[in-house]
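1. dropping the sequence and predicted coords here.
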Amino acid sequence: MSSYELIKSTRIDGDFEGSDDEVLFKLQDGTYWIQDQYMYWYHYAHCPKVNILRANGRLFLNVDGQNQVIPIRQIFDVIESQIDGDFNGWEGATAYQLTNGQIWKQSSYSYEYTYSYMPEVLIYNTGTAYKMQVEGTNADVVLIKR
């Protein structure tokens, strides 16, 4: 890690399950970061210490004690809310009412069943689309009602 410049050290806010594709990371300082390049790596930890590093003009996330670095970028357009009622997963074109009054609709087909009552929701702009993250799963969404 000697070729990297340390930008800051902090912790993941909650569970960390590694990287996949456009994974969103919330840090305990309240900032949000998104994986900036596809890379799969599984590593589970609860609130792990992480370092934000810089090399060659890019930023990376490194979990303390691990050799893996994940390319990331900070994002600012994040909505935190809850599903207003039952969440039954992704069914294709389902609309989701949030407790903040907004309604979002799934915009690309994906089917995954998972049930939860009033789960927390994160909606974020990846740069190409909005994604809704619920219960560790996500799908592309569009805003129907503000």
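-> It's in. Bear in mind the structure is a predicted one, so any value in this text is a computation, not a measurement. Numbering: from 1, shown residues only.
2. pLDDT score for residue 129?
-> You'll see residue 129 listed with a pLDDT of 89.
3. that one and residue 143 touch, don't they?
-> No: using C-beta atoms under 8 Å, residue 129 is not in contact with residue 143; the gap is 11.5 Å. No exception for glycine: its C-beta is placed from N, CA and C like everyone else's.
4. domains for the chain, by residue range?
-> Domain assignment for the chain by automatic domain parsing gives 5-75, 78-145.
5. angles on the backbone of residue 92, please.
-> Note on residue 92: backbone dihedrals following degrees, to the nearest 10 are phi 130, psi -70.
6. helix, strand or coil for the nearest residue to it once chain neighbours are set aside?
-> Closest residue in space to residue 92, ignoring its immediate chain neighbours: residue 109 at 5.1 Å, by C-beta to C-beta, 6 or more residues apart in numbering. Classification of residue 109 using DSSP: H, G, I helix; E, B strand; the rest coil returns coil.
7. measure residue 109 to residue 13 for me?
-> 31 Å (C-beta to C-beta, to the nearest Å).
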